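[1] Starting from these lines, generate the structure:
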Amino acid sequence: MCWKNSLGDCRRILRVIVMLIGILVVPSAAAAAPLPAANSPAAYQAPAGWFIYVVILLVYATIAAAVVAVVNTLAKSSTGSATSAPWRLSDALSEEGDVTDASGVKRTVMVASSSRTIALFGMIVIMALFLGVGSIVLWTLASTGKAPDLNGVLQYFLAGAGLFIPYSINQIRAGFESIGKS
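    Residues are numbered from 1 along each chain as shown. Predicted structure coming up:
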C-alpha cells in the first residue's frame, strides 16, 4: 500500500482516485439528473441513493489518501538534526524544557507537552465532527436540492475551538518569557 512504498506510489494512487471520480461519478450524475420538460419549470429530482453514498465515500477516500500521503512523507523526512532522525509524533508533541540533572547542571531537553496533546485531540474531535456535518450537508443537498440551515453549527464549532485554549495560552506565555530573556 501507499504507506509502505514511495511517495510516488501515493501520488499515483491519488491520481487513480481522481480519475475514478471523473470516470464514474460525473457520467453517473449526468445520467441520474432528470431532463426537464420543454416549457415547464424544472423541479428538483434527487439522484439515486447509491449515487449519494458513492459521492460521500469518494470524499472520505480522497481525504484518507491525502492523510496517508502526508504521514508517508513525514515518516521519510528528517528533523534536520545531526543524527538525521526521522520525524516522530512524540517529538512534535514535545517542547523544550529546562531540567537540572543530579550534578546540578541545567540542561534544555524535550519534555511532553500536555497543551499540545490536548490540541491534537481537540483537532481530531473537531475534524470528525466537521466531516460528520459535511456528510449531512452533502446528503441533504443531494436529496432535497437545498442546503440545510447551518446557523447553530457555527456556534457549536466555535465552542469546540475551546479545546485549543490551553495550547494558545501556553504559546502566549512562551512569547512573554522570550521577551523577558532578551
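[2] residue boundaries of the helices in this structure?
    Along the chain, counting by DSSP state H, helices occupy 7-20, 26-32, 49-76, 89-92, 114-144, 151-160, 165-181.
[3] Which one of those helices lies nearest to residue 106?
    Closest approach to residue 106 among the helices of the chain (C-beta to C-beta): helix 165-181, 13.9 Å. Yep, even glycine has a C-beta here, placed from its N, CA and C like the rest.
[4] Point to the residue nearest the middle of the protein.
    Here the mean C-alpha position of the chain is nearest to the C-alpha of residue 127 (C-alpha atoms, centre = their mean), at a distance of 6.0 Å.
[5] So for that one, what's the pLDDT?
    Residue 127 carries a pLDDT value of 83.
[6] wait, doesn't residue 86 sit right on residue 71?
    No. Taking contacts as C-beta atoms under 8 Å, residue 86 lies outside contact range of residue 71: 11.7 Å.
[7] Settle it for me: which of those two has more neighbours?
    More crowded of residue 86 and residue 71, by other C-beta atoms under 10 Å: residue 71, with 15 against 11.
[8] Look up how far residue 63 lies from the more buried one.
    Residue 71 sits 13 Å away from residue 63, going by C-beta to C-beta, to the nearest Å.
[9] domains in the protein, as residue ranges please.
    Domain segmentation of the chain under automatic domain parsing yields 1-35+44-78, 113-182.
[10] Make TSV out of those and add distance to residue 107.
    Shown next, in TSV, are those (distance: least, C-beta to C-beta, whole Å):
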stretch	distance to residue 107
domain 1-35+44-78	23
domain 113-182	17
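[11] If you average pLDDT over each of these, which is lowest?
    Among the domains of the chain, domain 1-35+44-78 has the lowest mean pLDDT, at a mean of 71.
[12] and stretch 128-138, how far from the chain's centre?
    Centre-to-centre, stretch 128-138 and its host chain are 12 Å apart (C-alpha atoms, centre = their mean, to the nearest Å).
[13] and it, which residues are buried?
    residue 135 (16 or more other C-beta atoms under 10 Å).
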